[in-house]
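**Student:** coords below, sequence missing:
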C-alpha cells in the first residue's frame, strides 16, 4: 500500500528500520523469509502478509463501504499472488468510531465477503475495537506457495513484464470516471501468478502497490541488477488516455495491484500463452541490466505531483 | 482485549455477527477452527490471533511507549498460551500520526523487541501507515500447539482454576501504584499453559482478558456447562487488598492475561506440582455444574462500575 498516494513518506522507513533494529537476534526456526518481500514465509510454505487501510489516508468518501471491504482483502491477496501463492485465511482488525454506523458495517461486510468468496479466503478471526477517530482496517492474510516468487530472483538480461494497465487507479483518483473501478475494486491476477510460479517461468516478482518508479528499484535492489524500461512499451487503455500526464499515472502513483515480474527471454512464448489462457494482459516493458541503475529510455522518471488525501475526509478529485 | 475496560460494548457483537454472517460458505480446507476461541487453527497445528490496541481506548498517558510495545506482544502471546501453544511469528500494523515522534518509536520498538525476546517471537513483517488521529497498534501472531486447549473442553464436575492474581491490573488502572505493572507489563503464563496442554491435564482453557464475569460464561457456553465460583477462593495479594471494591476488580475488569482453565479433580496434585515447577500461582476457585448458570457462591456478580478511558487522552485514576 502507498502510505500516501503520490507521496513517499520519509518517516515510514525510519519506523521500519527502528523496529527491525530492535528485534532480538533471530533463532531462525520456523521463519524462512521475513520483512523485505511481499510476504514473509513461515513454517515452510506459509506466506503471511499484513496491510492496513486508514480512512482519509488510503480511501476517501468516493469509496463506498463495500469498496473498502473488497479492497482490504484484495491488497493482501495481491501480496500473496506476488509470491506465486494461493491465499487461504485472513484475520481482520477493525477500528470504528462510535456511534456505530450499522449500514456502513453491513456494506463493508458484503464487500469483504465477496472478495473472500472470489479468492477462496476464509476469515478466521480478528478484533473489533472502538476508534476515537478514523476507521482503520487491517488484514493479515496467510497463503501457500510451493515455489515462492521472490523479489531477489531477477538475473541480468531478464525481460521485465507487467500485468494489466498500471496507472488506471491513478487516473481514477485524479479524474474520477471509470478509473475509480481500478482504484476501488482491484483484481490482482492470482491464478496467472500462481501458474507462473508453478511452471517456474518467472525470475523475480512483486506487486505494483506503490507504482513502477518505486517498486522496480526495490525489485532491482533485492536482485542486485539494474533496469531499463521503455515508456512507449507501457500498456495503455482508453482510461489511461484520459490522463493529463499519462506517464506519471503509469509509474508514479501505485494502488494498481498488478504484477511486476522478470523472466528469461526464452520464456516469452510460454508467458504470452499463459497470460492468454488466464485472460490476463501481460506486457513486456524493458529488461534488467548489469549497470545497477533503474532508468526510463530517453526520459527521466516523472515526479509524483498528484494531490493526495490531505485530511480525514478531504480528497483531490 | 476489553474494547473498553469496564464496559462491554454492545456494538462490538453486532460488528462481529455482521461480518461473520457475510462470509462465504466455508470450503473448510486448511481451517480447523475459526472465530470463537482464543485463536484460530489453520494448516493443521498453526494458531493465529489478532489483537489491536488503540490509544485512548486501550491505553492512556500513564503507559510509556515501551509498555505499549511490550503489551501488544503480550496480549497475543496470552491468546496463544491459552490454546496451550508456543508463539512463533508476528506481524505488526502500526498507525502513527505525523509529525513522527522519533522517541516514541524508539521506546515502542524496545518494548516490542524485549517482549519478542522473552517469548521467542519473530517479527516477520507488517505495515506502517499514517494515522490522522490516535496511534493504533495491531499484532497478528502465529503459534503452534500439538494438543490445543479449547474453550469447549470443560465437562461437568471439573475444577475451575486461575493463574496469577486476576484483578491487579484493575487496581492499577483505578488506583495507580504497583498494580500499574500488572496493567502495563502483563506476563501470561506461557510455559505453564504449554505444559498443561502437553500433559493433557486441562479440559477447557482461555485467557482472562475481559475479566472472569465475562470470560467464564464464554467458556461455559462453549462447553455446555455452568459454573459455581467461590469468591472467597479467588487469589488475593497486597496489591488487591488496596482496592476499594476487591471483588469487582477480581472479576469485572480484565486486562490480566492470566489463564482460566478447567480440569478433572483427579489432576489436582499434578496441576499444583506443575504450577510450582513453573513458579506460577494456580488457584482452584470453583467447579463446573450441569445447571447452565454461571454463579458466584452466596453473592451476585458485581456490576462493572469502573470509570474508563473517555477520550483520546483522558484517564480515570
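**Tutor:** Cool, the structure landed. All of these numbers come straight from a predicted model, not from anything done at the bench.
**Student:** Provide a list of residue ranges in the stretch 151-300 of chain A with pLDDT below threshold.
**Tutor:** For the stretch 151-300 of chain A, no stretch is flagged by pLDDT under 70.
**Student:** got the contact list for residue A:79?
**Tutor:** With contact set as CB atoms under 8 Å, 6 or more residues apart in numbering or on different chains, residue A:79 has these partners: A:38-39, A:47, A:49, A:51, A:141, A:207. In this view, the C-beta of every residue, glycine as well, is placed from N, C-alpha and C.
**Student:** Just the buried residues of the residues you listed.
**Tutor:** A:38-39, A:47, A:49, A:51, A:141, A:207 (16 or more other CB atoms under 10 Å in any protein chain shown).
**Student:** From these, pick the one nearest chain B.
**Tutor:** Proximity of the buried ones among the contacts of residue A:79 to chain B (CB to the nearest CB) peaks at residue A:51, which lies at 5.3 Å.
**Student:** Give me the phi and psi angles of that closest one.
**Tutor:** The phi/psi pair for residue A:51 (degrees, to the nearest 10) reads phi -140, psi 140.
**Student:** ok, it - contacts?
**Tutor:** A:1, A:72, A:75-76, A:79, A:138-139, B:93, B:127.
**Student:** Including secondary structure, could the residues you listed go into TSV?
**Tutor:** Below are the contacts of residue A:51 laid out as TSV (DSSP: H, G, I helix; E, B strand; the rest coil):
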residue	secondary structure
A:1	coil
A:72	helix
A:75	helix
A:76	helix
A:79	helix
A:138	strand
A:139	strand
B:93	strand
B:127	strand
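**Student:** residues near residue A:80, how many?
**Tutor:** Neighbour count of residue A:80, defined by other CB atoms under 10 Å in any protein chain shown: 30.
**Student:** Distance from the strand or helix carrying it to the middle of the chain?
**Tutor:** Using DSSP states H and E, residue A:80 maps to helix A:65-82. Here helix A:65-82 is found 9 Å from its chain centre; the criterion is CA atoms, centre = their mean, to the nearest Å.
**Student:** Residue A:192: neighbour count?
**Tutor:** Neighbours of residue A:192 using other CB under 10 Å come to 23.
**Student:** do residue A:82 as well
**Tutor:** So residue A:82, with other CB under 10 Å, has 34 neighbours.
**Student:** okay, it: pLDDT?
**Tutor:** Listed pLDDT for residue A:82 reads 97.
**Student:** is it true that it touches residue A:38?
**Tutor:** Yes. Using CB atoms under 8 Å, residue A:82 is in contact with residue A:38, at 4.2 Å.
**Student:** Identify the contacts common to those two.
**Tutor:** With CB under 8 Å, 6+ apart as the test, residue A:82 and residue A:38 both reach A:205-207.
**Student:** what sits against residue A:102?
**Tutor:** Neighbouring residues of residue A:102 by CB under 8 Å, 6+ apart: B:14, B:18.
**Student:** For the stretch 1-150 of chain A, which residue gets nearest to chain B?
**Tutor:** Nearest residue of the stretch 1-150 of chain A to chain B: residue A:133, at 2.7 Å (CB to the nearest CB).
**Student:** so residue A:99 is in which element?
**Tutor:** Applying DSSP H and E, one finds residue A:99 in no helix or strand.
**Student:** Please tell me how far it sits from residue B:52.
**Tutor:** 20 Å (CB to CB, to the nearest Å).
**Student:** More neighbours: which of the two?
**Tutor:** residue B:52 (28 against 7).
**Student:** domains for chain A, by residue range?
**Tutor:** A:31-144, A:151-296 (automatic domain parsing).
**Student:** wait, does the longest one make contact with chain B?
**Tutor:** No. Counting by CB under 8 Å from any CB of the partner chain, no contacts exist between domain A:151-296 and chain B, the nearest distance being 10.6 Å.
**Student:** May I have the distance across that domain, first residue to last?
**Tutor:** End-to-end distance for domain A:151-296, by CA to CA, to the nearest Å: 20 Å.
**Student:** Quick check: the residue nearest the centre of chain A vs residue A:82, distance?
**Tutor:** Nearest to the mean C-alpha position of chain A, by CA atoms, centre = their mean, lies residue A:209 at 3.1 Å. Here residue A:209 is placed at a distance of 9 Å from residue A:82 (CB to CB).
**Student:** Quick one: the helices in the stretch 51-200 of chain A, in order.
**Tutor:** Using DSSP state H, counting those that start in this stretch, the helices found in the stretch 51-200 of chain A span residues A:65-82, A:102-119, A:168-175, A:179-184, A:190-198.
**Student:** between these, which gets nearest to residue A:145?
**Tutor:** Of all the helices of the stretch 51-200 of chain A, helix A:190-198 sits nearest to residue A:145, with 6.0 Å by CB to CB.
**Student:** Contacts for the next helix or strand after that closest one, please.
**Tutor:** Downstream of helix A:190-198, the next assigned helix or strand under DSSP H and E is strand A:205-208. For strand A:205-208, the external contacting residues (CB under 8 Å, 6+ apart) are A:37-38, A:78-79, A:81-84, A:149-151, A:153, A:162, A:166, A:188, A:193, A:196-197, A:215, A:218-219, A:254, A:256-262.
**Student:** ok, the residue lying farthest from the centre of chain A - contacts?
**Tutor:** Here chain A reaches farthest from its C-alpha mean at residue A:99, the gap being 32.7 Å by CA atoms, centre = their mean. Applying CB under 8 Å, 6+ apart, we find residue A:99 in contact with residue B:11.
**Student:** Give me the pLDDT value at it.
**Tutor:** Value for residue A:99, per-residue pLDDT: 92.
**Student:** so where's the stretch 1-150 of chain A uncertain?
**Tutor:** A:1-10, A:27-29.
**Student:** OK, contacts around the residue nearest to residue A:112 when sequence neighbours are not counted?
**Tutor:** Leaving aside its chain neighbours, residue A:112 sits nearest to residue A:69 (3.7 Å; criterion: CB to CB, 6 or more residues apart in numbering or on different chains). For residue A:69, the contacting residues are A:107-115, by CB under 8 Å, 6+ apart.
**Student:** change it to 7 Å
**Tutor:** A:108-112, A:115 (CB atoms under 7 Å, 6 or more residues apart in numbering or on different chains).
**Student:** and if you look at residue A:127?
**Tutor:** A:93, B:1, B:50-52.
**Student:** please redo it, this time with the cut-off set to 6 Å
**Tutor:** A:93, B:50-52 (CB atoms under 6 Å, 6 or more residues apart in numbering or on different chains).
**Student:** Check residue A:52 too.
**Tutor:** Contacts of residue A:52 by CB under 6 Å, 6+ apart are A:138, B:93, B:127, B:129.
**Student:** Would you mind measuring from it to residue A:139?
**Tutor:** 8 Å.
**Student:** Leaving out chain neighbours, which residue sits closest to residue A:106?
**Tutor:** Per CB to CB, 6+ apart, closest to residue A:106 is residue B:18, 5.7 Å.
**Student:** any idea how far residue A:165 is from the closest residue in space to residue A:186 that isn't next to it in sequence?
**Tutor:** Nearest residue to residue A:186 in three dimensions, chain neighbours excluded: residue A:257, at 3.9 Å (CB to CB, 6+ apart). From residue A:257 across to residue A:165, the span is 12 Å (CB to CB).
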